[in-house]
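**Student:** Give me a model of this one.
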Amino acid sequence: MTILTSLYKNTLLLLLILFAVTPAISIADDSNLDLDSPSYVDEFLFIYSQIQQYYVDEIDDETMFKNAIKGLVEGLDPHSSYLDPKDQADLSESTIGKFGGLGIVITQKDDLIQIISPIDDTPAYRAGLQSGDIILKIGDKSVREMDLEEGVNLMRGEPGTTIELTIGRAEKVPFKVEITREIITIVSVRGFLLDDGIAYIRISDFQSPSAKLLKDTVSDLIDENDGPLDSIILDLRNNPGGLLMSAIDIANLFIDNDGLVVYTEGRVRSNNSSFPTKPGDILNGAPIVVLMNKGSASASEIVAGALQDHKRAVIMGETSFGKGSVQSIVDLSDGYGLKLTTARYFTPSGRSIQATGIKPDIFLENITLNQEEESLNLSRQEKDLKNHLTPDDPSELSEEEILDIQDEIKEDQNKDIVEYLKNDYYVHEATNLLKALRIVGDR
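**Tutor:** Numbers count the residues shown, from 1 in each chain. Below you'll find the predicted structure:
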């Protein structure tokens, strides 16, 4: 028992040292940590010895301690986790816009898995999965028997393979959806000119290049409009978030006064940060309407909260998801990592985002202007368009002819999408508001 006690204490101290030497995370004063306290050390050691002696299969010490670390971390909250090398690689891939899977952002809800939002134009999106859906089964396995990491690993797999999910949705009988896995490549920013100088810009998530893409998109729309934009609709619906700095950079594109974009508060001083505005509004004060729903989370809420507090935009839609916590990544040995919640986000006026979300200035019900319910699809294929061009043999066409055809296809697609957007209830209401603001401003 003495050897086990020593082994456990050394392991716990090693974990504390790992925390202490990492700049991103600081550990609070551990002078009150009593490693000899029988309240948890003895119980841990007793359970450890019981597993070693009586568990049906022999388990090596490394597996036992990794399982103990996983339980220690993942019992804290739904967003803290112990990452194996594959998880670390997947996390890095997702920040640059390309990764494998179904295309959903999930969280733990009690002992089930809840969908925060599907990502635009991914298998999960096209299968009709919605924000708030509960995953009851993955294949034939109940999610009650697994943690979030196990669920993610089951849903990941080789592109082209299929997985069946059993979905629970409010006021519906549970149903099954078969989804084919794909390599997910996300175009995080798309923009279209609607009418009367009103532009629509969709941000699907916040990646490293998103701020530059947004700036370029606005510039292209100004050229298309033959002059400055009168106003824009910034669509953050079902945007699950992404990189903090991307959100800060995007908010700063529209704010022209001094102050903060967001600040964080944690238990220790090193996790308290504030991120100031950088005056320079690329729209020169043109009105903005931000669209949000319950699938808008994290970085989306930071942008919306900053624009709302600086009175730079009107927020329309539903109260957002309320994911207002900060996760710091610690690199461990052998490719392992630790994702740990270390602080909470606050809007410039001091509102906590966590578990409350951003409340819109104008509430909208989640309805459609069309008779049939359909999801917003900004990536329709050419073959789906009315009066699309026939596929001539490209070998018989000159480079100039091919470029002309591509331009015609793009123009056709954009017209189709713009017409669709005009029938989107949220976009319709935002357009009406912006037109009314312009009338008032002209008086």
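
**Student:** can you pull the contacts of the residue nearest to Gly168 when sequence neighbours are not counted?
**Tutor:** With sequence-adjacent residues excluded and distances taken as Cβ to Cβ, 6 or more residues apart in numbering, Gly168 is closest to Ile134, at 4.0 Å. No exception for glycine: its C-beta is placed from N, CA and C like everyone else's. The neighbours of Ile134, taking Cβ atoms under 8 Å, 6 or more residues apart in numbering as the test, are Lys109, Leu112, Ile113, Gln114, Ile115, Ile167, Gly168, Arg169.

**Student:** Let's see if you can find the most crowded of these.
**Tutor:** Sorting those by how many neighbours each has (other Cβ atoms under 10 Å) puts Ile113 first, at 27 neighbours.

**Student:** Name the residues that touch the helix or strand harbouring that one?
**Tutor:** Ile113 belongs to strand 112-118 when assigned by DSSP states H and E. Identification of contacts with strand 112-118 by Cβ under 8 Å, 6+ apart yields 103-108, 124-125, 129-136, 143-144, 148, 151, 168, 238-240, 295-297, 321, 323.

**Student:** again, 7 Å this time
**Tutor:** Residues from elsewhere that reach strand 112-118, judged by Cβ atoms under 7 Å, 6 or more residues apart in numbering: 103-107, 124-125, 129, 131-136, 143-144, 148, 151, 238, 240, 295, 297, 321.

**Student:** That one pairs with which strands?
**Tutor:** Based on DSSP bridges, the strands next to strand 112-118 in the sheet, each with its direction, are strand 104-109 (antiparallel), strand 134-138 (antiparallel).

**Student:** any chance of the ones you listed in TSV, plus distance to Ala286 and mean pLDDT?
**Tutor:** Supplementary listing: the strands paired with strand 112-118 in TSV, determined by distance: least, Cβ to Cβ, whole Å; pLDDT from 0 to 100:
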stretch	distance to Ala286	mean pLDDT
strand 104-109	31	84
strand 134-138	41	94
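
**Student:** Now the ones you listed in JSON lines, please, with extra columns for distance to Ser81.
**Tutor:** Rendered in JSON lines, the data for the strands paired with strand 112-118 read as follows (distance: least, Cβ to Cβ, whole Å):
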{"stretch": "strand 104-109", "distance to Ser81": "10"}
{"stretch": "strand 134-138", "distance to Ser81": "17"}
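
**Student:** so which of those strands comes closest to Glu265?
**Tutor:** Nearest to Glu265 among these is strand 104-109; the distance by Cβ to Cβ comes to 21.9 Å.

**Student:** Could I get the average pLDDT for the host helix or strand of Leu434?
**Tutor:** Under the criterion of DSSP H and E, Leu434 resides in helix 425-442. Across helix 425-442, pLDDT averages out at 88.

**Student:** again with stretch 201-209
**Tutor:** For stretch 201-209, the mean pLDDT works out to 91.

**Student:** same deal with stretch 229-240?
**Tutor:** So the average pLDDT for stretch 229-240 ends up being 95.

**Student:** again, but for stretch 156-168
**Tutor:** Stretch 156-168 shows a mean pLDDT of 90.

**Student:** which parts of that stretch are buried?
**Tutor:** When burial is assessed from 16 or more other Cβ atoms under 10 Å, stretch 156-168 yields the following buried residues: Arg156, Ile163, Leu165, Thr166, Ile167, Gly168.

**Student:** Any quick PyMOL command for the buried ones out of the contacts of strand 112-118?
**Tutor:** One line in PyMOL is enough to select the buried ones among those; burial here means 16+ other Cβ under 10 Å:
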select buried, resi 103+104+105+106+107+124+125+129+131+132+133+134+135+136+143+148+151+238+240+295+297+321
